[in-house]
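Trainee: below are the sequence and a predicted model; questions follow.
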Amino acid sequence: MTIAEALREATQTLARVSDTPRLDAELLMAHTFGISRSTLLLKRMRDDVPAAFAALIARRSAHEPVAYITGRQDFWTLTLKVTPAVLIPRADSETLIEAAISALTERPPARILDLGTGSGALLLAALAQWRDARGVGIDASDAALAIAQSNASTLGFGDRARMLPGDWRQPGWWDALPAPFDLIVCNPPYVETTAMLAPQVMEHEPHCALFAGEDGLDDYRILIPALPALLAPEGIAILEIGAGQREDVAALATASGFAVDCRQDLAGHDRALILRPGRP
Ligand code: GLN
């Protein structure tokens, strides 16, 4: 069997479980060879590959996400290490980085905070964008922090990124943070606890990074009132929101004195809320 034939067959198999079966098959084939997807074209089939590839296709067919199988996920300009301890960075979340770039064209941020950093995706993407900036990522999960720290070191941000334990469900959680910050980014859990998510999310990704109470707003209720104390006077905070949450989260932000803007993701969904301290 050639690589092209194996990919065709795997694509058909994965169409049952994936919206991107061809991409998944190519990523898993490249992973089997230990090369990048873009160099796959140059390869010839090798005797040991079909069995190893079939094992990966079987895992994907049981809904395991490609990123957990390969241990890698591209985000912004970076390739991040991921494990089931962290949410897989979504392309949708790149909307937050785009929103930050648009909002901060004239004042590059020097101090950045990422609340619930997970793999470190948002913080490290921001540090890749602003080469003179330094940043702090916090997370309640030690296992996530270890991944974030490893990504920071591997990608060369070790001296500009600090990953610290922090759990905003505990009182006084922000006391130890080196405020103020010019830019705060945050992709909190925001899924309603009763929501039915796809099996590849539900059965594999960390629930603590997804679910936020009956209406999905629990974490915003804690986080937003703390933001004024963490932000510099000209600073901005950018929060990811779920589809349909714009009005509710904007109302919380307005109640804490913020002026609010929104940016849509590539699918046209409201995705990033941009909060600026209101002027008295
Ligand atoms: N966008 C994610 C999903 O749909 C949810 C991420 C989150 O809760 N922060 O699975």
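Mentor: Sure thing, it's come through.
Trainee: show me what the helix or strand hosting V260 is packed up against.
Mentor: Per DSSP states H and E: V260 is located in strand 258-264. Where contact means 3 or more CB pairs under 8 Å, 6 or more residues apart in numbering; DSSP states H and E, strand 258-264 is packed against helix 94-103, helix 218-230, helix 246-255, strand 270-277. All C-beta atoms are positioned from the backbone trio N, CA, C, and that covers glycine.
Trainee: what's around R221, how many residues?
Mentor: Using other CB atoms under 10 Å, R221 is surrounded by 14 other residues.
Trainee: what's the closest non-adjacent residue to Y68?
Mentor: P84 (5.6 Å; CB to CB, 6 or more residues apart in numbering).
Trainee: OK, contacts around that neighbour?
Mentor: 68, 204-206 (CB atoms under 8 Å, 6 or more residues apart in numbering).
Trainee: my read is it is in a helix, agree?
Mentor: No - looking at P84 with DSSP: H, G, I helix; E, B strand; the rest coil, it is coil, so not inside a helix.
Trainee: and the spatially most central residue of the chain, what does it touch?
Mentor: The residue lying closest to the centre of the chain (CA atoms, centre = their mean) is P89, at 3.1 Å. Applying CB under 8 Å, 6+ apart to P89 gives the contacts 73, 75, 80, 82, 118-119, 121.
Trainee: make a markdown table out of those residues and add pLDDT.
Mentor: As requested, the contacts of P89 are exported to a markdown table (pLDDT from 0 to 100):
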| residue | pLDDT |
| --- | --- |
| Q73 | 97 |
| F75 | 98 |
| L80 | 98 |
| V82 | 98 |
| G118 | 98 |
| S119 | 98 |
| A121 | 98 |
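Trainee: now, among these, which is nearest to A255?
Mentor: Nearest to A255 among the contacts of P89: G118, at 27.2 Å, using CB to CB.
Trainee: name the element the closest one belongs to?
Mentor: G118 belongs to no helix or strand, assigned by DSSP H and E.
Trainee: returning to what we had before: in the contacts of P89, which residue is surrounded by the most others?
Mentor: A121 (30 neighbours).
Trainee: can you show me the helices along the protein?
Mentor: 3-14, 21-33, 49-61, 66-70, 94-103, 121-129, 142-154, 199-202, 218-230, 246-255 (DSSP state H).
Trainee: I'd like to know which elements the second one is packed against.
Mentor: If I follow you right, that is helix 21-33. Helix 21-33 sits against helix 3-14, helix 49-61, helix 66-70, with contacts defined as 3+ CB pairs under 8 Å, 6+ apart.
Trainee: could you dump the longest one to PDB, C-alpha only?
Mentor: Below are the C-alpha coordinates for helix 49-61, written out as PDB (Å, rounded to 0.1, in the frame of the first residue of the first chain):
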ATOM      1  CA  VAL A  49       4.300   2.300   9.100                       C
ATOM      2  CA  PRO A  50       1.000   0.600   8.200                       C
ATOM      3  CA  ALA A  51       0.600  -1.200  11.600                       C
ATOM      4  CA  ALA A  52       1.700   1.800  13.600                       C
ATOM      5  CA  PHE A  53      -0.600   4.100  11.600                       C
ATOM      6  CA  ALA A  54      -3.500   1.800  12.000                       C
ATOM      7  CA  ALA A  55      -3.100   1.900  15.700                       C
ATOM      8  CA  LEU A  56      -3.300   5.700  15.700                       C
ATOM      9  CA  ILE A  57      -6.400   5.600  13.400                       C
ATOM     10  CA  ALA A  58      -8.000   3.200  15.900                       C
ATOM     11  CA  ARG A  59      -7.400   5.700  18.700                       C
ATOM     12  CA  ARG A  60      -8.800   8.600  16.700                       C
ATOM     13  CA  SER A  61     -11.800   6.400  15.700                       C
END
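Trainee: now tell me what touches that helix from outside.
Mentor: 1, 3, 6, 10, 13-14, 16-18, 24-25, 28-29, 31-33, 66, 69.
Trainee: report how many residues lie close to the spatially closest residue to L123 that is not a sequence neighbour.
Mentor: Spatial nearest neighbour of L123, excluding adjacent residues (CB to CB, 6+ apart): D114 at 3.6 Å. D114 has 29 neighbours, counted by other CB under 10 Å.
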